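**Q** One predicted model, sequence on top.
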Amino acid sequence: MPKSSPRIGFYPGTFDPVTFGHLDVIERAARLVDRLVIGVATNAGKKPLLSSDERIACINDELPRLIQETGSEIEVVGFDKLLVHAVRDYNASLIFRGLRLLSDFDYEIQMQGANRKLAPEIETVFLMASERTQSISSSLVRDIAFYGGDISDFAPEGAARRIKAQLGR
């Protein structure tokens, strides 16, 4: 019997910074595929606090634990092109998206529809945020950090350290 090709998923985001909510989605998505590519986007519409390299480093800090816990191959890459083009570049057939609140769904369903028209062979899989991470967003984490609040309950240590350094704290 011929061996089936590995199932590859792509989880895109700005990750400015990566949060425990993102890590929850990464862990759950990685359990569904043989290989997960985490795509750190350069988004012209957003002005990230952290550079692309810093955002990639924040996720890479967490990879050993995630790989050990999931048994999946996980890679972090930067991309600055149309999402479906990046997904194709990595031979992925699934796009993973996390949903925190109902308001996320409106935007995500529009993106899924556009991606479906551009690349009908690529499926989008929505993963609902776990109850413990539903309230966490990168913008909330940045706001808390900007005003000197403790972000240790929202973002991993490496990301928190980089955000504080960027803010001069």
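**A** Looks like it arrived, so ask away.
**Q** pretty sure Arg97 is in a strand, no?
**A** Yes: Arg97 forms part of a strand when assessed by DSSP: H, G, I helix; E, B strand; the rest coil.
**Q** and it, bridged to which residues?
**A** Note on Arg97: beta-bridge partners by DSSP bridges are Phe126.
**Q** Which pLDDT value belongs to it?
**A** pLDDT for Arg97: 96.
**Q** From Ile136, how far out is it?
**A** Counting by Cβ to Cβ, to the nearest Å, the gap from Arg97 to Ile136 is 16 Å. To be clear about C-beta, it is placed using only N, CA and C from the backbone, and glycine gets the same treatment.
**Q** Go through the longest helix along the chain and flag the buried ones.
**A** Ranked by residue count, the top helix of the chain under DSSP state H comes out as helix 52-70. Residues 52, 54-59, 61-62, 66, 70 are the ones in helix 52-70 that count as buried (16 or more other Cβ atoms under 10 Å).
**Q** What is the subsequent helix or strand relative to it?
**A** Later in the chain than helix 52-70, the nearest helix or strand by DSSP states H and E is strand 73-79.
**Q** That following strand to helix 52-70, inter-axis angle?
**A** On the basis of axes from the mean of the first three to the mean of the last three Cα atoms, to 10 degrees, strand 73-79 is oriented at 160 degrees to helix 52-70.
**Q** Quick one: list the elements packing against strand 73-79.
**A** In terms of contacts (3 or more Cβ pairs under 8 Å, 6 or more residues apart in numbering; DSSP states H and E), strand 73-79 is packed against strand 35-41, helix 52-70, helix 83-89.
**Q** strands paired with that strand, and their directions?
**A** Paired neighbours of strand 73-79 in the sheet (DSSP bridges): strand 35-41 (parallel).
**Q** Go through the helix or strand bottoming out on mean pLDDT in the chain and flag the buried ones.
**A** Ranked by mean pLDDT, DSSP states H and E, the helix or strand of the chain with the weakest confidence is helix 102-118, at a mean of 90. Buried residues in helix 102-118, counted by 16+ other Cβ under 10 Å: 104, 112, 115.
**Q** Out of those, which comes closest to Arg169?
**A** Asp104 (29.2 Å; Cβ to Cβ).
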